[in-house]
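J.: need a structure here:
(chains A and B)
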Amino acid sequence: MADETPQLETAAPGRLRAAGAWLLDDAARLSRTIDRVSGPVVEVDASDISRLDAAGALLLLKLLARFDLPSDVLALRPEHAALISAVAAADHREPPPSGHAPPTWRALLERIGQTVVGLGRQMTALLGFLGLTLVTLSRLARHPRRLRLTATVHHMEQTGFDAVPLVALLSFLVGAVVAFLGATVLRDFGADLFVVELVSFAFLREFGVLLTAILLAGRTASAFTAQIGTMKSREEIDAIRTLGLDPIELLVIPRLIALVIMLPLLSVIAAMAGMLGGMLVAIFDIGMTADLFINRLHDTLQLRHYLVGLSKAPIFAVVIALVGCLEGFKVAGTAQSVGERTTSAVVQSISLVIVIDAIAAVFFMEMGW
Amino acid sequence: MSAHSATTQPAPETERLAISIRGLRNAFGTQVVHDNLDLDVKTGEIIGVVGGSGTGKSVLMRAILGLRPAQAGRIEVFGRDLDADPDARRAMESRAGVLFQDGALFSSLTVQENVEVPLKEHHPELTGALRADLARLKIRMVGLPADAAAKLPSQLSGGMRKRAGLARALALDPELLFLDEPTAGLDPIGAAAFDQLLLTLQRALGLTVFLITHDLDTLYAICDRVAVLAEHRVLAVGKLSEVERFDHPWVQEYFHGPRARAAQATHVATKDT
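T.: From the prediction side, this is the model:
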């Protein structure tokens, strides 16, 4: 295969001779050889080239371009002429498009600006979507038979019932951790007993609902986005519209109702599991009895704390369902878009849940509830 | 078919075959797609593979490409058995380009980056500038405007996506090109332009093309030979004029139905002018 090795040599002054196989495999080496050729060159004899592909043709043309030679000084085998002319036709040396990039600080400002505007738009879109959903809900209230009961129950099972083990386990563990922390700190003051208040206040007022909402934001909002997004990208949403059906009524309302019912129920389980975790730590770490724990719970706890906590659950449910569905409707075409929207749905719903919880905490404290 | 080969080509039969399939069997569970299928593809020809839905055209392509292991049979590409020879698979990857139905472009990369992917993988020694030059060359060879290079696949129309997919398939200067329904979903003008593009590229680059199609116009316009898949095997293979005359109900229906006659008529008309 010695004659296959690509070569470029000076055959006579001003005359280059190319030989061998000019293929993509040797393109890097040939490119360097071409860069090393020193002029002047007036003629290139490529008729000894045994095999030529588009990469080789491009390199030959580059060689000509380097010495500003017209293509007719290139001696070729007839079977290579078609390839050279096809490559030459495609290889108009245009300046590469786009080109000037703005300076970094301007790009940074631009991104910040775009993000802020995008955030504003997102909030407007979410409010608009809330309005649309409420209008649809009120219409459904007048025609309750239009409610998709089967779909609603199906989503209740998926978002609520199937999430029970996860919610219970994680709340139980968090409850145990809170109790451990409390026990460690309070022991120094001889106030071990206050672990009961710590765990019960934390879970009834905040953690029961908050943990459930965060878990469902990750688990359910993403599922809603992926479900609706896939339908959107397969034009099923358009099909629903052209069949005279309302995608909000068909897809959003069942999910919303399911979540509004299931999230409070799950948060009850979460609160119970959390307090159970706290109680076990109190029993095994502090040496409290279960009776003592429950008695103290009865003595110290007022119902209003639990009601305050539970009052947030439907709000979180609405936020998670709406963000999940809205992001699904925003999917545009590609599978990548489904992934992006799903991520966005999880991030948004978790952030919104925590922000709303913080605002609610301040509000309830100021009101003295 | 082989009448002229004795005079012009003294080389042995196997050297001129790009693909040689013997006794191929493909089955999904109990459903047999191919059984004892034989097919030869000659170097430098455009072979059109036709067949009704479910006759396993795409399965055949996937079997040749090794995307799907066959239950039985032997597939040789450029005279090398792909199953027996572990190096042959890798060698084929750089000698064969594939255009999937919707282009199968990587959606997170621009067209330019898509074309550069195989170059990066198989030729890491290329400098960035040369690689970009090669990619741009292929993008323009398939007839895309220069500004398409920086676009994402989602920003392109269906026809442009196919051209971009073709540019990626051609990135490594393959000798063998697999096309899965390249003109499906294109408007007639776009489809005709794509046919001409394929023909031009095939002639300039000396490609062997394995073309799956439903498009009768494509068959009449560019295919050297046609293989008809039916009854789990290659029912007929040969020049279009020979296959047309093959006595089988599906073949007769396919080549002599109203759409075939229309395609035939336009082809004859364009040849005369």
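J.: got phi/psi on residue A:23?
T.: Main-chain dihedrals, residue A:23, degrees, to the nearest 10: phi -120, psi 170.
J.: count the residues that sit near the closest residue to it other than its chain neighbours.
T.: Nearest residue to residue A:23, sequence neighbours excluded (Cβ to Cβ, 6 or more residues apart in numbering or on different chains): residue A:53, at 5.1 Å. Any C-beta I mention is one placed from the backbone N, CA and C, and that applies to glycine too. The number of residues packed near residue A:53 is 23, by other Cβ atoms under 10 Å in any protein chain shown.
J.: okay, residue A:53: pLDDT?
T.: We have a pLDDT of 83 for residue A:53.
J.: just list the residues touching it, thanks.
T.: A:22, A:23, A:24, A:83, B:173, B:205 (Cβ atoms under 8 Å, 6 or more residues apart in numbering or on different chains).
J.: which one (most neighbours) among those?
T.: That'd be residue A:22 among these, by other Cβ under 10 Å, with 26 neighbours.
J.: thinking again about what came up before, closest to residue A:257 out of the contacts of residue A:53?
T.: residue B:173 (59.7 Å; Cβ to Cβ).
J.: quick check, that closest one in a helix?
T.: No: according to DSSP: H, G, I helix; E, B strand; the rest coil, residue B:173 belongs to no helix; its state is coil.
J.: run through the helices of the stretch 1-150 of chain A in chain order.
T.: A:27-36, A:54-66, A:78-90, A:104-142, A:149-159 (DSSP state H, counting those that start in this stretch).
J.: from the chain's centre, how far out does the first one sit?
T.: Using Cα atoms, centre = their mean, to the nearest Å, the distance from the centre of helix A:27-36 to the centre of the chain it belongs to is 44 Å.
J.: relative to helix A:54-66, how tilted is that helix?
T.: 10 degrees (axes from the mean of the first three to the mean of the last three Cα atoms, to 10 degrees).
J.: and helix A:27-36, which residues are buried?
T.: A:27, A:28, A:30, A:31, A:33, A:34 (16 or more other Cβ atoms under 10 Å in any protein chain shown).
J.: residue contacts, the second one?
T.: Think residue A:28. B:123, B:125, B:126, B:127, B:130.
J.: in space, what's closest to the second one - neighbours in sequence excluded?
T.: Taking Cβ to Cβ, 6+ apart as the measure, residue B:125 lies nearest to residue A:28, with 4.2 Å between them; neighbours along the chain are not counted.
J.: so how far is residue A:206 from the one you found?
T.: 63 Å (Cβ to Cβ, to the nearest Å).
J.: strands along the stretch 251-369 of chain A, start to end?
T.: Counting by DSSP state E, counting those that start in this stretch, the stretch 251-369 of chain A has no strands at all.
J.: where do the helices of it begin and end?
T.: A:253-281, A:290-300, A:303-311, A:313-329, A:335-367.
J.: now do the shortest one and helix A:335-367, the angle between them.
T.: The reference is to helix A:303-311. Relative orientation of helix A:303-311 versus helix A:335-367 (the same axes, to 10 degrees): 160 degrees.
J.: ok, the first one next?
T.: With the same axes, to 10 degrees defining the directions, helix A:253-281 sits at 60 degrees from helix A:335-367.
J.: check the second one too.
T.: Computed by the same axes, to 10 degrees, the angle separating helix A:290-300 from helix A:335-367 equals 70 degrees.
J.: and the longest helix that chain B contains with chain A, contact?
T.: When chain B is parsed with DSSP state H, its longest helix is helix B:188-205. Yes: with Cβ under 8 Å from any Cβ of the partner chain as the measure, helix B:188-205 is seen reaching chain A through B:200, B:201, B:203, B:204, B:205.
J.: make CSV out of the contacts of residue A:53 and add pLDDT and distance to residue A:171.
T.: Output for the contacts of residue A:53, formatted as CSV (pLDDT from 0 to 100; distance: Cβ to Cβ, whole Å):
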residue, pLDDT, distance to residue A:171
A:22, 86, 70
A:23, 85, 65
A:24, 85, 61
A:83, 80, 70
B:173, 85, 61
B:205, 80, 65
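J.: among those, which one sits closest to residue A:43?
T.: residue A:22 (17.3 Å).
J.: just the CA coordinates of the longest helix of chain B, formatted as CSV?
T.: Only the C-alpha atoms of helix B:188-205 are listed here, as CSV (Å, rounded to 0.1, in the frame of the first residue of the first chain):
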residue,chain,number,x,y,z
PRO,B,188,-43.2,17.4,-4.0
ILE,B,189,-40.9,20.2,-5.0
GLY,B,190,-38.7,19.7,-1.9
ALA,B,191,-38.7,15.9,-2.5
ALA,B,192,-37.6,16.4,-6.2
ALA,B,193,-34.9,18.7,-5.1
PHE,B,194,-33.7,16.2,-2.5
ASP,B,195,-33.7,13.5,-5.2
GLN,B,196,-31.5,15.6,-7.4
LEU,B,197,-29.2,16.5,-4.5
LEU,B,198,-28.7,12.8,-3.8
LEU,B,199,-28.0,12.0,-7.4
THR,B,200,-25.4,14.9,-7.6
LEU,B,201,-23.7,13.8,-4.4
GLN,B,202,-23.7,10.2,-5.3
ARG,B,203,-22.0,11.0,-8.6
ALA,B,204,-19.5,13.4,-7.2
LEU,B,205,-18.6,11.4,-4.1
